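Peer 1: when you get a sec, could you give me coordinates for this:
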Amino acid sequence: GFQFFTPDGTKIYEHLLSGPHQKRCMIDRYGNEVGNFFNEKRKYAAPLTTQRYLEMLAAMLNTPARLSIFFQNFFRHVPEQGEYYQSAHQTIRRIFDESPIEKMQGDCDDRAFLAENILRLQGKKPFVVYIPAHAFCVWMTKRRNGRVDASCIDGSLEHNGVPYGMRLQEKQSAGFRTASEAYNAVLAKYRRPKSLVPLANDDSIVHLLDINNPDRRISMSVSNFLPPER
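Peer 2: Prediction:
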C-alpha cells in the first residue's frame, strides 16, 4: 500500500491495490475516503450524477497538494488514434470494468478538460491551451502586490514552471511582472529547438480548445489569462 501525507501530517491519499480490501482514495478534510466515480456511486442510495461527483472533487481538491496527487493517481494517460475529445463527464466514467481501484483514462486534452471543469467550479479562470500535438490546462492568479503566478495541470501540477513539491527559485517564488512572463515560465519545458512554441508577450495570441466545439481553435491574447480585478 501507499499513503501520502502533507507536511503538517494530514493524510490526503491512500491506495491498497492487492488483497481483499483494495482501494484507491483521496481523504477529504473530514477524514472521509473518496474514490473514483463508480466507487462513490456504490455508496449512495440516491443516484450519484457525474455533475455531483465533479462538484465533490472541486470542493475536495482545494489545495495544491490535493490537486497534484489526484491527477497523478486517478488519471492514466492513454494515447488515442485520431482526434477524439471527451468531456469531463465522460472522462470520470471511463474506468475499466467500473473497478473501484482503476484510474480514469484519456489523453492530454481529456485530462486538460477535466482539470478545467474542476477549476471553474472552484471559481478559477482556467483555459485549455493547445500547442502542436499537445494540450494542457493553465490558469493564473494575481497577488495583492500585482505579481502574477501561473499554474498548469499536465500530468500533475506545476507552479510557475516548477513541478509541485520542488523548490522554487527566487524569481519563480516572487511571481512575475506580467501575464506573458508567467505564461513563458509555464511553456519553458516545451520550448525546445524546432518546437514551434515561441516566446510570448502580453499581446501574443495563444490557441485554446473548447470542449463545446473542440474542432475549432479559439484565439486569445495572453493578457486575458489574468483573472478580473476585484
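Peer 1: hmm, who's touching the least confident helix or strand in the chain by mean pLDDT?
Peer 2: Of all helical and strand segments in the chain, the minimum by mean pLDDT, DSSP states H and E falls on helix 170-173, at a mean of 86. Helix 170-173 is contacted by residues 159, 160, 161, 162, 185 when judged by CB atoms under 8 Å, 6 or more residues apart in numbering. C-beta here means a position set from N, CA and C on the backbone, and glycine is covered the same way.
Peer 1: where in the protein is pLDDT low?
Peer 2: 82, 192-196, 230 (pLDDT under 70).
Peer 1: re the thing from before, now the contacts of helix 170-173 in CSV, with secondary structure and neighbour count?
Peer 2: Output for the contacts of helix 170-173, formatted as CSV (DSSP: H, G, I helix; E, B strand; the rest coil; neighbours: other CB atoms under 10 Å):
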residue, secondary structure, neighbour count
159, strand, 20
160, coil, 22
161, coil, 21
162, strand, 18
185, helix, 22
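Peer 1: could you dump the lengthiest strand in the chain to PDB, C-alpha only?
Peer 2: Ranked by residue count and defined by DSSP state E, the top strand of the chain is strand 134-142. Output in PDB follows, covering the C-alpha atoms of strand 134-142 (Å, rounded to 0.1, in the frame of the first residue of the first chain):
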ATOM      1  CA  HIS A 134      -0.400  18.600 -27.100                       C
ATOM      2  CA  ALA A 135      -2.900  20.300 -24.800                       C
ATOM      3  CA  PHE A 136      -2.800  21.200 -21.100                       C
ATOM      4  CA  CYS A 137      -4.700  23.400 -18.600                       C
ATOM      5  CA  VAL A 138      -3.400  26.800 -17.500                       C
ATOM      6  CA  TRP A 139      -4.700  29.400 -15.000                       C
ATOM      7  CA  MET A 140      -3.300  32.500 -13.500                       C
ATOM      8  CA  THR A 141      -3.700  34.300 -10.200                       C
ATOM      9  CA  LYS A 142      -2.700  37.800  -9.200                       C
END
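Peer 1: nearest residue to residue 125 in space, please, no chain neighbours.
Peer 2: The spatial neighbour of residue 125 that comes closest, neighbours along the chain excluded (CB to CB, 6 or more residues apart in numbering), is residue 227 at 4.8 Å.
Peer 1: residues near the one you found, how many?
Peer 2: Residues near residue 227, counting by other CB atoms under 10 Å, number 13.
Peer 1: secondary structure element holding it?
Peer 2: Following DSSP states H and E, one finds residue 227 outside all helices and strands.
Peer 1: list the helices and strands the longest helix along the chain packs on?
Peer 2: Assignment by DSSP state H gives helix 108-121 as the longest helix of the chain. Other helices and strands packing on helix 108-121, by 3 or more CB pairs under 8 Å, 6 or more residues apart in numbering; DSSP states H and E, are helix 50-60, strand 75-77, helix 88-91, strand 127-131, strand 134-142, strand 148-154, strand 205-209.
Peer 1: nearest to residue 177, out of these?
Peer 2: strand 148-154 (7.2 Å; CB to CB).
Peer 1: any idea of the angle that closest one forms with strand 127-131?
Peer 2: 70 degrees (axes from the mean of the first three to the mean of the last three CA atoms, to 10 degrees).
Peer 1: which helices and strands does strand 148-154 pack with?
Peer 2: Using 3+ CB pairs under 8 Å, 6+ apart, strand 148-154 is in contact with helix 64-73, helix 108-121, strand 134-142, strand 156-159, helix 179-187.
Peer 1: identify the residues contacting it?
Peer 2: By CB under 8 Å, 6+ apart, strand 148-154 touches 64, 67, 71, 108, 111-112, 115, 136-143, 157-161, 175-179, 181-183, 185-186, 225-226.
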